[in-house]
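>>> attaching a predicted model along with its sequence, questions to come.
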Amino acid sequence: MQEVLRPLTPADYTFLIGVIEGPLGFTDDRRLHALLAAVEDDDTEAHREALTRQLEREIRYLGSADLAYLLRYLTGRSPGVPFREILRDAARTLKVDVSMLGTDGEVLERLVRQYATKQFADLTPEEQQALLESLGVERDRAAAFLKRSAGVFAVPTLIQAFGTLVVDGLIKTVIFGTIGRIIGKQLAARLFNLLMARFPWWVRWIGPAAWSLSIGWTVLDVQGPAYRKTIPVVLYLGLCALREAAPVRHEDG
């Protein structure tokens, strides 16, 4: 899991902490914010390691029932569940069949790609057309592609038809739309406004269409407070894994 957390930016850490913190449970919100402040003030190897280790602890805790976590803690075992178990639970909840072979980053990349294309396929033809047009695809070109594809979509086919920028925008729109549906519009808006004010590059990265919550994504059966945090965390880490696989220059400020 550290391979996924270490390359993240302060903006990413801010988003993740905003999702997982809360008044209930064992998460140490005060410590998370203190460690994040240390990284922002002086991004040393030691400060970053302390923050990512704490983040890993909190995420793995969220993937474990409170009682199971407490029993593991009291018996001296690692209290949280393995990250791969969290990924399997997320894939099951999102109803995508993802291979668990490879690194954590590779699994995350596959998960968000497959989930995004599945969600796009589940939209009505009118919603698919509107989404493609919102990403800059000409109306006739989008309509011709949708007619030709006959409801069967895959990332390579989409890239061949429209290029990586459009496909990246589609994935981000689906992922952020899903995250927003799970965490709620109020928290989503608060996090967006916070990051927009502090990290302008973050807003440019997600794109102008990505935070739209109006498209009719399938309502997820996300049971329990832990899944309402771990699923958004996994989806966001998947976007970060895609970004790190094809890095762009971030301009904090």
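Looks like it came in fine.

>>> the stretch 101-250 of the chain: helices as residue ranges?
104-122, 125-134, 139-149, 155-162, 164-183, 185-198, 200-206, 224-245 (DSSP state H, counting those that start in this stretch).

>>> count of residues packed around Ala46?
10 (other C-beta atoms under 10 Å). For the C-beta atoms, the positions are set from N, CA and C on the backbone; glycine is no exception.

>>> what secondary structure does it sit in?
helix (DSSP: H, G, I helix; E, B strand; the rest coil).

>>> looking at it now. What's its pLDDT?
For Ala46, the model assigns a pLDDT of 96.

>>> where in the chain is pLDDT low?
23-26, 64-80, 208-226, 247-253 (pLDDT under 70).

>>> give me that answer again for 80
22-27, 62-80, 150-152, 185, 207-227, 246-253 (pLDDT under 80).

>>> picking that back up, now tabulate the helices of the stretch 101-250 of the chain in TSV and tack on distance to Arg53 and mean neighbour count.
Formatted as TSV, those follow (distance: least, C-beta to C-beta, whole Å; neighbours: other C-beta atoms under 10 Å):
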stretch	distance to Arg53	mean neighbour count
helix 104-122	15	21
helix 125-134	39	17
helix 139-149	45	14
helix 155-162	33	16
helix 164-183	24	21
helix 185-198	23	14
helix 200-206	24	17
helix 224-245	16	21
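
>>> which of those helices sits closest to Ile86?
helix 224-245 (5.7 Å; C-beta to C-beta).

>>> not counting residues beside it along the chain, what's closest to Ile179?
Excluding the flanking residues, the one nearest Ile179 by C-beta to C-beta, 6 or more residues apart in numbering is Pro232, at 4.4 Å.

>>> my read: that neighbour touches Ile182, true?
Yes - Pro232 is in contact with Ile182 according to C-beta atoms under 8 Å; the separation is 5.4 Å.

>>> about what we covered before: mind putting the helices of the stretch 101-250 of the chain in CSV, distance to Arg48 included?
CSV is the format used below for the helices of the stretch 101-250 of the chain (distance: least, C-beta to C-beta, whole Å):
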stretch, distance to Arg48
helix 104-122, 17
helix 125-134, 36
helix 139-149, 42
helix 155-162, 31
helix 164-183, 24
helix 185-198, 18
helix 200-206, 18
helix 224-245, 15
